[in-house]
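>>> structure of the sequence below:
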Amino acid sequence: QVQLVESGGGLVQAGGSLRLSCAASGRPFSGHGMGWFRQAPGKEREFVAAITTIESGASTNYADSVKARFTISRDNAKNTVYLQMNSLKPDDTAVYYCAAGRDSRATMVREYDYWGQGTQVTVSS
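Below you'll find the model as predicted:
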């Protein structure tokens, strides 16, 4: 089992920045690929970003809607994965979820085994 706890969400104006954190505990964090997803009201959960293990090169993958604005990273020493979000837009408003799965840059919800409870991000115009 891997337990995941997100933090760092909040209210920000359009054009602003936030950094989300996801702290992991339980099974070794370093062996999991990690992902960020988001879900807006009335919409399905969608992929945002993913990162492989450091052993696999910490390779990243991003949804087209966030490329060049968001950056995913991981710190195995702190058992934490981050999502730096810049140039935020109102369309980025959603609950953001952290997930752990196999060592890949998977984009599908079903490819992840463990999920956090989510953190709300609200971007005002």
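>>> from here on, contacts and neighbour counts on C-alpha atoms
OK.
>>> who are the neighbours in contact with L4?
By CA atoms under 8 Å, 6 or more residues apart in numbering, L4 lies in contact with C22, A23, A24, S25, C98, A99, Y114, W115, G116, Q117.
>>> the third one falls within a strand, correct?
Just to be clear, that refers to A24. Yes: assessed by DSSP: H, G, I helix; E, B strand; the rest coil, A24 belongs to a strand.
>>> my read: it touches E6, true?
No: contact criterion CA atoms under 8 Å: A24 and E6 do not qualify, at 9.0 Å.
>>> just to revisit the earlier point, any idea which of the contacts of L4 has the most stuff around it?
Sorting those by how many neighbours each has (other CA atoms under 10 Å) puts C98 first, at 31 neighbours.
>>> let's verify that one: helix, strand, or coil?
strand.
>>> just to revisit the earlier point, which two in the contacts of L4 are spaced the farthest apart?
Across these, no pair lies farther apart than S25 and Q117, at 13.9 Å, counting by CA to CA.
>>> could you find the closest non-adjacent residue to the most centrally placed residue in the chain?
By CA atoms, centre = their mean, the chain has its centre lying nearest to W36, at 2.3 Å. In this structure, W36 finds its nearest non-sequential neighbour in C98, 4.7 Å apart by CA to CA, 6 or more residues apart in numbering.
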